[in-house]
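**Student:** Sequence plus the predicted model coming up.
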Amino acid sequence: ETLTHIFLANADGSHRVQLTRGEKSSTAPSFSPDGRTIYFQSARSGKRNVYRIAIAGGEAEMVSDFKGNLEGYKLSPDGKMLAFTGYEPPADEEKNKKEKRDWRVVDANPANLSLYLIPCEPGEDGKRPQRKLTDGKRHVEEFAWSPDARAIAFSHQPTPSADDWTRSDLAEVDVASGKVRAISATNAAETAPVYSPDGKYLAYLRTSDPPRWASENRIVLVSRSTGDSRVLPTSYDEQPDLLGFTADSSRLLF
């Protein structure tokens, strides 16, 4: 087994300090918006969850307490909320395992990932109430926070099956109300949503219609105020990797 741990260092590589230790790996580090804390994933409690630790060091605190299978996570731009994708198994799954009745038909009941939300800070009772933002009827893939932390854009497909990538669409969920609206649902595959820093635009990748192969994409730019979309010119190899916008929202990086 290979263990992965998190280190902190200056930009020039000097003053390297190991932040996490133990017999379980720590992965996927990300800074809080104020730069004082590092969030990361670890299965040190028996289940993979999100933890945080001060950059000054000390004990790590478990932020999420997800009982299922937690996948990716992202902090809201204001540092107040944590969004993550995960799968909650049926209530009788653990019992069936113990009783040797956990047979299954392959691909019959796919483990669709849903989108969840919890506050970064606990309430007066010391708990962080968990909210489920999507119903699990479709599999959530990539997601991104809007700059004002009021919405989350995400790509979704019917199941996690590799064959379903061609049916990927884009949607946006309002964090306060939980209302989901479609952004793009065509015969093409739409993925990789990215908001502009000023919140006026949403960029994403779209294949040909219908999709021909997985790496052939164009960048599409959507105005969030009008809903109008514009397909940008092809990249030289027609395989753009959408990285984001410049700080002033005037240019795209890919």
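**Tutor:** Noted; the coordinates are in hand. Numbering: from 1, shown residues only.
**Student:** Lys24 contacts Gly46, doesn't it?
**Tutor:** No - with contacts counted by C-beta atoms under 8 Å, Lys24 stays clear of Gly46, the gap being 9.1 Å. Placement of C-beta: from N, CA and C, glycine included.
**Student:** of the two, who's got more company?
**Tutor:** Here Lys24 and Gly46 are compared on neighbour count by other C-beta atoms under 10 Å; more neighbours surround Lys24, at 16 against 7.
**Student:** quick one: secondary structure of the closest residue to Ser229 other than its chain neighbours?
**Tutor:** Closest residue to Ser229 in three dimensions, ignoring its sequence neighbours and counting by C-beta to C-beta, 6 or more residues apart in numbering: Val222, at 4.6 Å. When states are read from DSSP: H, G, I helix; E, B strand; the rest coil, the local structure at Val222 comes out as strand.
**Student:** Could you give the number of residues near Glu190?
**Tutor:** 23.
**Student:** what sits against it?
**Tutor:** Neighbour list for Glu190: 155, 168-170, 183-184, 204-207, 220 [criterion: C-beta atoms under 8 Å, 6 or more residues apart in numbering].
**Student:** run the last query once more with 10 Å
**Tutor:** 155-157, 167-171, 183-184, 204-207, 217, 220 (C-beta atoms under 10 Å, 6 or more residues apart in numbering).
**Student:** circling back to that earlier point, kindly state the beta-bridge partners for the residue nearest to Ser229.
**Tutor:** Leu202, Ser229 (DSSP bridges).
**Student:** one step back: among the contacts of Glu190, which ones are in strands?
**Tutor:** In strands, defined here by DSSP state E, the members of those are 155-157, 169-171, 183-184, 204-206, 220.
**Student:** Quick check on those residues: which are buried?
**Tutor:** The neighbour count (16 or more other C-beta atoms under 10 Å) marks 155-157, 169-171, 183-184, 204-206, 220 as buried among the ones in strands among the contacts of Glu190.
**Student:** tell me the two of those residues that are most distant?
**Tutor:** Comparing every pair within those by C-beta to C-beta identifies Gln157 and Val220 as the most remote, at 17.4 Å.
**Student:** Show me how far the helix or strand harbouring Ala153 is from its chain's centre.
**Tutor:** Per DSSP states H and E, Ala153 falls inside strand 151-157. Offset of strand 151-157 from its chain centre (C-alpha atoms, centre = their mean, to the nearest Å): 9 Å.
**Student:** Provide the strand pairings for it, with the direction of each partner.
**Tutor:** In the sheet, strand 151-157 lines up with strand 139-145 (antiparallel), strand 169-174 (antiparallel) (DSSP bridges).
**Student:** before we move on, back to that, what about the residue nearest to Ser229, how many neighbours?
**Tutor:** The number of residues near Val222, taken as other C-beta under 10 Å, comes to 20.
**Student:** Now do the same contact list for it.
**Tutor:** With contacts defined as C-beta under 10 Å, 6+ apart, Val222 is in contact with 153, 170, 183-184, 193, 200-204, 228-230.
**Student:** Kindly present these as JSON lines, with separate columns for distance to Leu252 and pLDDT.
**Tutor:** Supplementary listing: the contacts of Val222 in JSON lines, determined by distance: C-beta to C-beta, whole Å; pLDDT from 0 to 100:
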{"residue": "Ala153", "distance to Leu252": "16", "pLDDT": "98"}
{"residue": "Leu170", "distance to Leu252": "17", "pLDDT": "97"}
{"residue": "Ile183", "distance to Leu252": "17", "pLDDT": "94"}
{"residue": "Ser184", "distance to Leu252": "17", "pLDDT": "92"}
{"residue": "Pro193", "distance to Leu252": "13", "pLDDT": "97"}
{"residue": "Lys200", "distance to Leu252": "13", "pLDDT": "96"}
{"residue": "Tyr201", "distance to Leu252": "9", "pLDDT": "96"}
{"residue": "Leu202", "distance to Leu252": "12", "pLDDT": "96"}
{"residue": "Ala203", "distance to Leu252": "6", "pLDDT": "96"}
{"residue": "Tyr204", "distance to Leu252": "11", "pLDDT": "96"}
{"residue": "Asp228", "distance to Leu252": "17", "pLDDT": "91"}
{"residue": "Ser229", "distance to Leu252": "14", "pLDDT": "91"}
{"residue": "Arg230", "distance to Leu252": "12", "pLDDT": "93"}
